[in-house]
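K.L.:
Turn this into a model:
(3 chains)
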Amino acid sequence: MRSGTSSLMIARLISNAGKMHNANLKAVSKRIKQPKWTPAEDQFIKDNLGYLTDEEIGKKLGRTAVGVHVHWSRDLHLKGPSKAPGILTAHDIAKILQVDAHKIAHWVDVGFIKGRLMAGGRKIRLIKEKDFYKWALQTNNWIYFDPSKVGDSELAHLINIRAKLWGDEWWSTPKVAKYHRVNTKDVTRLIADGRIRAVQPKWSLGGRHPNQAWKYWFVKKSEATKPSLKFYHRKGVPGHSRIFTDSAIAWIVKAIDEKGMNFTEVARSMKLKDKQAGSVRNWYCRTKGIDLSTKFKYRGKRRKKVTK
DNA sequence: CGTGGATATTTACCTGTGAG
DNA sequence: CTCACAGGTAAATATCCACG
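P.N.:
The predicted structure is shown next:
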């Protein structure tokens, strides 16, 4: 069938040859004489398709880029490198994960997701499906996408299994805050103090900011809901949470009123950092009903003089 | 410690581009 | 023409800093 049509084409070309210039006639006869593709050449194409351009392959084999392209697509029935089975583009992965494609392209570029650039002028990322699956099934990477939103049915199934085995979740700071009915700032504060264990993504979450001034925090559900983590609320201070227990505040008052300690000393006695002395003062003032702003300045200055 | 404010990042789009 | 990506943008909001 195929040989029939091609010989037809040749016959047509030859019949038209009379109307052609000599140069064209030469080209036609040259094409007919193209040597047959050897198994070694076929293998070379299979090995290098996507790694080299058609032109580069042609140069190696002494054939034209068009000749190479026609051979792998028509004769060898190979798919284009970005459409080959088991190969995904950054765009494909973005669709599967339901995230912006910029992210995937960036994560491939920085080596977070294993992949490579396709040969040619376009920056098309080729990622082996297996490598992507391996990446997507690591629970540590679930801070980069929502595993429950994965569209690909096979991957979604595998993720489901992994999620059940893990038995945990990544929570954003607002989610932790909502759970405890406190402000997000309260959560980030405790993270900064080391009272809540949390992680930040190593790579730009949005895929557009390689050098970040700050990053999101993620907390495991198990960590966010641990019994030892409690936020204390005070009446009359809306939207305001504290970490000091009643007994801790009682100690602050006692240490200052009865022991004559300054705020820094009290903070140290509570195993807090020196810079947290201001907070000790805050709660001392609140407890004693002293105005927070004005009284503080006066008190802080005088105390410094007294201790020195 | 607690918080207001400044600043940066993410999100979620849309549009442009150029190779094939 | 299509596809895959690059670049833009506005709005929302998380984080960090500095100071009380």
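
K.L.:
Might you enumerate the residues of the stretch 51-200 of chain A proximal to DNA strand B?
P.N.:
A:53, A:80, A:99-100, A:102-103, A:120-122, A:183, A:185-186, A:189-190, A:192-193, A:195 (C-beta under 7 Å from any atom of the strand). Yep, even glycine has a C-beta here, placed from its N, CA and C like the rest.

K.L.:
Contact partners for the residue nearest in space to the middle of chain A?
P.N.:
By C-alpha atoms, centre = their mean, chain A has its centre lying nearest to residue A:144, at 4.0 Å. By C-beta atoms under 8 Å, 6 or more residues apart in numbering, the residues touching residue A:144 are A:103, A:107, A:201, A:203, A:205.

K.L.:
count of residues packed around residue A:200?
P.N.:
13 (other C-beta atoms under 10 Å).

K.L.:
how about the closest residue to it other than its chain neighbours, secondary structure?
P.N.:
Of all residues not flanking residue A:200 in the chain, residue A:215 sits nearest, at 4.1 Å (C-beta to C-beta, 6 or more residues apart in numbering). With DSSP: H, G, I helix; E, B strand; the rest coil as the basis, residue A:215 sits in coil.

K.L.:
so residue A:215 touches residue A:203, yeah?
P.N.:
No - using C-beta atoms under 8 Å, residue A:215 is not in contact with residue A:203, being 9.5 Å away.

K.L.:
neighbour count winner among these two?
P.N.:
Shown here are residue A:215 and residue A:203; by other C-beta under 10 Å, residue A:203 has more neighbours (19 against 14).

K.L.:
related to what we said a few turns ago, in PyMOL, how would I select just the buried ones from the residues of the stretch 51-200 of chain A next to DNA strand B?
P.N.:
Buried subset of those, written as a PyMOL selection, criterion 16 or more other C-beta atoms under 10 Å:
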select buried, chain A and resi 53+99+103+183+186+189+190
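
K.L.:
ok, which stretches of chain A are strands?
P.N.:
A:87-89, A:116-117, A:125-128, A:170-172, A:218-220, A:232-233, A:241-242 (DSSP state E).

K.L.:
if I look at residue A:69, how far off is residue A:35?
P.N.:
17 Å (C-beta to C-beta, to the nearest Å).

K.L.:
Looking at those two, which one has more neighbours?
P.N.:
The neighbour comparison of residue A:69 against residue A:35 (other C-beta under 10 Å) goes to residue A:69, with 18 against 8.

K.L.:
Enumerate every residue touching the closest residue to that one other than its chain neighbours.
P.N.:
Distances taken as C-beta to C-beta, 6+ apart put residue A:54 closest to residue A:69, at 4.6 Å, once the chain neighbours are dropped. By C-beta under 8 Å, 6+ apart, residue A:54 lies in contact with A:65, A:66, A:68, A:69.

K.L.:
unless I'm mixing things up, residue A:253 is touching residue A:288, no?
P.N.:
Yes - at 7.0 Å, residue A:253 counts as touching residue A:288 under the criterion of C-beta under 8 Å.

K.L.:
Where does the prediction get shaky in the stretch 101-250 of chain A?
P.N.:
For the stretch 101-250 of chain A, applying pLDDT under 70 flags the ranges A:232-247.

K.L.:
now the helices for it?
P.N.:
A:101-109, A:129-136, A:153-166, A:173-180, A:184-192, A:221-224, A:246-257 (DSSP state H, counting those that start in this stretch).

K.L.:
tell me the most buried of these?
P.N.:
A comparison of those by mean neighbour count, using mean count of other C-beta atoms under 10 Å, puts helix A:101-109 on top with a mean of 21.

K.L.:
Once you drop chain neighbours, what's closest to the residue in the stretch 51-200 of chain A positioned nearest to DNA strand C?
P.N.:
At 2.9 Å from DNA strand C, residue A:91 is the closest residue in the stretch 51-200 of chain A, using C-beta to the nearest atom of the strand. Setting aside the residues directly before and after it, residue A:91 is nearest to residue A:101 in space (C-beta to C-beta, 6+ apart), at 5.2 Å.

K.L.:
quick one: contacts for the one you found?
P.N.:
A:90, A:91, A:94.

K.L.:
Pipe those residues into JSON lines and attach neighbour count, pLDDT and distance to residue A:150 per row.
P.N.:
JSON lines is the format used below for these (neighbours: other C-beta atoms under 10 Å; pLDDT from 0 to 100; distance: C-beta to C-beta, whole Å):
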{"residue": "A:90", "neighbour count": "24", "pLDDT": "95", "distance to residue A:150": "16"}
{"residue": "A:91", "neighbour count": "14", "pLDDT": "94", "distance to residue A:150": "16"}
{"residue": "A:94", "neighbour count": "19", "pLDDT": "95", "distance to residue A:150": "12"}
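
K.L.:
Take those residues and keep only those in helices.
P.N.:
Using DSSP state H, A:90, A:91, A:94 are the members of the contacts of residue A:101 that sit in helices.
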